[in-house]
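A.B. asks: Predicted model, plus sequence, below.
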Amino acid sequence: MADEVVLTSLRDVESLRFFHVVCHRDSAARRLGLESVRKTFDAWLDGYGSPRQIYGETGINGFQPIVTEYLPELLCLSIQCPFDDVREALADILDDVKKRGRGLQVPRRLEQGASHFISEKEIVPVDTPDDKTRTLFVDAFLQNNRLEHITQLMGYHPDYLECFLRTQHYLLKEDGPLPFEYRHYIAIMAAGRHQCSYLIKLQSHEFLLQGGDPDWLKGLERIPRKLKDLNEINKILAHRPWLITKDHIEKLTRGKDSWSVSEVVHALVIMAQFHALSSFVFGCGINQEVDQDGGYTFRPPSVSDASEVDYSSDGSSSGENCSEFEGGGLSVLMEKMRALTEAREEEMTQDELLKRFQHVESQNALITTNAQPPSPKSDILCYVDDTTFQYEDFAKRGSASEIPTFRAQDYSWEDQGFSLANRLYTDVGNLLDEKFNVAYNLTYYTMGDNTSVDTTAFRRTIWNYIHCMYGIRHDDYNYGEVNQLLERNLKAYIKTVTCYPERLKKKDYDGVMREFKHSEKVHVNLMLFEARLQAELLYSLRAVMRHMT
Ligand SMILES: CC(C)C[C@H](N)C(=O)O
């Protein structure tokens with residue numbers, strides 16, 4: 001007992017590392033790989049070199065062990081690796097190590113899959129037979145040294161996943177105005193606004209891997225003034241982007257040790273991306289990664305595991321074919337969409353259109369979330385100040401004359417936002433534009449079990465409804481459609497995920513869109529993500545433009 005190394009907390013033990021393996025399925029690789037992993041592992045335990053050196057020396061064609069720093073060891077072996085043969089080989093090694101009496105207490109993954117809203121067997125498996133998705137998974141794995149649950153869930157929609165990964169990589173890992181550790185820290189601050197510990201932890205690892213100062217992870221008190229100056233705009237952007245003015249940009253870019261406009265744009269895009277990504281994480285019930293609290297246990301498997309393992313089935317099945325659908329069900333929804341498409345011709349005056357927008361806006365203000373915000377833990381609180389600053393209904397913003405509705409025809413993503421972004425941060429406009437387009441236009445012409453359905457009206461409505469919550473109006477859209485196509489509980493779900501994602505509960509997810517497939521619910525979440533991101537960018541880029549002119 002005395003000289004045993006017992007892992008009480010994974011993070012306590014510096015010398016133990018997380019071990020990821022990637023393998024391209026190729027029979028010869030298995031032999032090579034096994035040998036290589038064994039060597040790596042022995043070397044590692046004998047305190048040989050740094051993980052980076054080991055990485056360099058053991059990379060073998062087709063089978064490449066990657067050791068990342070700052071992550072706990074082993075845990076990953078049994079799951080991160082999508083390939084059965086390698087997984088088995090690693091399990092052998094693991095047993096071997098345990099037998100040799102190193103005193104390691106090996107943590108075990110809690111088998112709960114990527115989302116606690118969706119049972120594991122209904123999620124795209126890591127070794128999916130679909131070539132495109134599989135290739136994206138492997139790429140993502142190489143990019144991030146893990147296959148994040150977010151990626152796995154987006155695997156339902158490979159065309160979208162492709163753009164998402166490309167943008168994420170560009171923002172965080174390729175050439176750009178900001179130093180790498182800044183980017184990850186900004187992502188942490190952004191996720192902090194929604195208490196999204198999942199993203200905070202992932203980004204903290206990345207931050208350290210980029211050589212970031214561990215002291216900064218103690219909280220905002222420890223970071224340089226320059227970074228701290230982002231606090232205010234981060235807060236407003238997350239909850240009430242309509243309050244952003246050119247003064248905010250001016251403040252950041254003035255004086256010594258200030259921000260260049262390009263740096264500001266880079267920071268804004270990262271913040272908006274991570275606010276919106278927090279919505280996606282909560283909206284889809286993304287589980288902690290295996291090495292995060294809640295993703296593993298040291299307890300041996302036991303009969304009582306059922307409860308800890310599968311909290312995805314808390315009695316209320318997600319009811320794919322459930323027939324009670326508030327408001328009449330899918331067939332009624334489809335009928336309404338059809339009717340709307342046919343009745344398109346009917347002309348309406350601008351006045352009439354505006355009235356309808358205002359009506360939807362004020363109705364939205366009546367939808368309240370009953371759930372209380374969770375009380376944030378100290379490891380999150382250290383990145384946030386003024387936690388009471390939250391979304392407030394645009395319709396209730398007080399003096400409406402000071403903050404008028406944002407007219408999308410005066411400042412649109414396509415005509416203005418896109419080129420300004422590109423000009424100040426090369427190519428980012430193109431990447432975002434592609435991502436917006438894919439999310440906006442994505443369709444499989446299905447709805448639940450129905451095929452050959454034109455879902456355009458429904459998808460447009462969701463997008464525009466989100467913009468409406470942020471006071472953005474598209475003058476070519478008839479907001480009357482919102483009330484026809486979105487039932488109250490769906491509106492409530494959209495509002496919670498978009499504005500207060502940290503309050504969402506599994507029952508909210510289960511209770512809406514009951515006849516939709518999980519892939520469709522994730523699809524809706526992708527639209528929420530992108531529409532919110534676009535809304536934040538419209539406001540903030542307009543402020544940048546005003547600052548520059
Ligand atoms: C969100 C979903 C209802 C979208 C639908 N499955 C489509 O293919 O367009």
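C.D. replies: Yep, it's here.

A.B. asks: got the residue ranges for the helices in the stretch 401-549 of the chain?
C.D. replies: In chain order, the stretch 401-549 of the chain shows helices spanning 418-424, 428-441, 456-469, 480-485, 488-499, 506-511, 518-548, with DSSP state H, counting those that start in this stretch as the criterion.

A.B. asks: Save those helices as JSON lines, and put in mean pLDDT too.
C.D. replies: Rendered in JSON lines, the data for the helices of the stretch 401-549 of the chain read as follows (pLDDT from 0 to 100):
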{"stretch": "helix 418-424", "mean pLDDT": "96"}
{"stretch": "helix 428-441", "mean pLDDT": "98"}
{"stretch": "helix 456-469", "mean pLDDT": "96"}
{"stretch": "helix 480-485", "mean pLDDT": "93"}
{"stretch": "helix 488-499", "mean pLDDT": "95"}
{"stretch": "helix 506-511", "mean pLDDT": "94"}
{"stretch": "helix 518-548", "mean pLDDT": "97"}
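
A.B. asks: ok, and the closest non-adjacent residue to I462?
C.D. replies: Counting by CB to CB, 6 or more residues apart in numbering, the nearest residue to I462 once its immediate chain neighbours are dropped is M527, at 5.3 Å. Where C-beta positions appear, they are placed from N, C-alpha and C, glycine not excepted.

A.B. asks: what do you get for I223?
C.D. replies: Counting by CB to CB, 6+ apart, W216 is the residue found nearest to I223 once chain neighbours are left out, at 5.0 Å.

A.B. asks: Low-confidence regions, the chain specifically.
C.D. replies: Counting by pLDDT under 70, the low-confidence segments of the chain come to 1-111, 141-146, 291, 293, 295-327, 344-346, 370, 399-401.

A.B. asks: Near the ligand, which residues of it? Just list them.
C.D. replies: For the chain, the residues in contact with the ligand (CB under 6 Å from any ligand atom) are T443, Y444, Y445, T446, M447, T455, F458, F516, E520, H523, V524.

A.B. asks: now the helices of the stretch 401-549 of the chain as a markdown table including mean neighbour count?
C.D. replies: Output for these, formatted as a markdown table (neighbours: other CB atoms under 10 Å):
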| stretch | mean neighbour count |
| --- | --- |
| helix 418-424 | 19 |
| helix 428-441 | 19 |
| helix 456-469 | 21 |
| helix 480-485 | 18 |
| helix 488-499 | 22 |
| helix 506-511 | 18 |
| helix 518-548 | 23 |
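
A.B. asks: quick one on the thing from earlier: got the contact list for the residue nearest to I223?
C.D. replies: By CB atoms under 8 Å, 6 or more residues apart in numbering, the residues touching W216 are E181, Y185, F207, R222, I223.

A.B. asks: How many residues are close by the third one?
C.D. replies: For F207, the neighbour count with other CB atoms under 10 Å is 25.

A.B. asks: Grab the nearest non-local neighbour of it.
C.D. replies: Here the nearest residue to F207 in space, its sequence neighbours aside, is H184; by CB to CB, 6+ apart that works out to 3.8 Å.

A.B. asks: That neighbour: helix or strand, and which one exactly?
C.D. replies: Secondary structure here is read from DSSP states H and E; on that basis H184 sits in helix 180-192.

A.B. asks: Packing partners of that helix?
C.D. replies: For helix 180-192, the helices and strands in contact under the criterion 3 or more CB pairs under 8 Å, 6 or more residues apart in numbering; DSSP states H and E are helix 158-173, helix 197-209, helix 225-228, helix 231-239, helix 261-283.

A.B. asks: any idea which of these is most buried?
C.D. replies: The highest average neighbour count among the helices and strands packed on helix 180-192, using mean count of other CB atoms under 10 Å, belongs to helix 261-283 at a mean of 25.

A.B. asks: on that earlier part again, okay, the angle between the helix holding H184 and helix 261-283?
C.D. replies: If you take axes from the mean of the first three to the mean of the last three CA atoms, to 10 degrees, helix 180-192 sits at 40 degrees to helix 261-283.

A.B. asks: Can you mark which positions in helix 180-192 are buried?
C.D. replies: 180-192 (16 or more other CB atoms under 10 Å).

A.B. asks: Strands of the stretch 251-400 of the chain, residue ranges please.
C.D. replies: Using DSSP state E, counting those that start in this stretch, the strands of the stretch 251-400 of the chain run over 296-297.

A.B. asks: can you pull the contacts of V281?
C.D. replies: V281 makes contact with I150, C196, Y198, L199, P501, according to CB under 8 Å, 6+ apart.

A.B. asks: now swap in E414 and tell me
C.D. replies: So, once contact is read as CB under 8 Å, 6+ apart, E414 ends up touching D433.

A.B. asks: Is it possible to get CSV of the contacts of W216 that adds distance to T167?
C.D. replies: CSV is the format used below for these (distance: CB to CB, whole Å):
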residue, distance to T167
E181, 20
Y185, 19
F207, 19
R222, 29
I223, 25
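
A.B. asks: will you turn the helices and strands packed on helix 180-192 into JSON lines that also has distance to R254?
C.D. replies: Putting these into JSON lines (distance: least, CB to CB, whole Å) gives the following:
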{"stretch": "helix 158-173", "distance to R254": "25"}
{"stretch": "helix 197-209", "distance to R254": "27"}
{"stretch": "helix 225-228", "distance to R254": "12"}
{"stretch": "helix 231-239", "distance to R254": "14"}
{"stretch": "helix 261-283", "distance to R254": "11"}
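
A.B. asks: Could you report the neighbour count for the closest residue to R460 other than its chain neighbours?
C.D. replies: In space, R460 comes closest to Y477 once its chain neighbours are excluded; the distance is 7.1 Å by CB to CB, 6+ apart. Neighbourhood size, Y477 [other CB under 10 Å]: 20.

A.B. asks: Look up how far the ligand lies from Y477.
C.D. replies: Applying CB to the nearest ligand atom, to the nearest Å, one obtains 18 Å for the distance of Y477 from the ligand.

A.B. asks: hang on, that residue packs against W463?
C.D. replies: No: shown here, Y477 and W463 do not form a contact pair, counting by CB atoms under 8 Å, at 9.4 Å.

A.B. asks: Quick one: residues contacting Q484.
C.D. replies: K336, L340.

A.B. asks: what residues are up against the closest residue to P373 other than its chain neighbours?
C.D. replies: Counting by CB to CB, 6+ apart, R503 is the residue found nearest to P373 once chain neighbours are left out, at 5.8 Å. With contact set as CB under 8 Å, 6+ apart, R503 has these partners: T369, A371, Q372, P373, P374, T496.

A.B. asks: Also S412?
C.D. replies: By CB under 8 Å, 6+ apart, the contact set of S412 is L538.

A.B. asks: one more time with 10 Å, if that's ok
C.D. replies: The neighbours of S412, taking CB atoms under 10 Å, 6 or more residues apart in numbering as the test, are F418, I472, H474, Q534, L538.

A.B. asks: and of these, the nearest to the ligand?
C.D. replies: If you rank the contacts of S412 by distance to the ligand using CB to the nearest ligand atom, Q534 comes first, at 17.5 Å.

A.B. asks: Am I right that the residue nearest to R460 is in contact with L354?
C.D. replies: No: with contact defined as CB atoms under 10 Å, Y477 does not reach L354; the gap is 11.3 Å.
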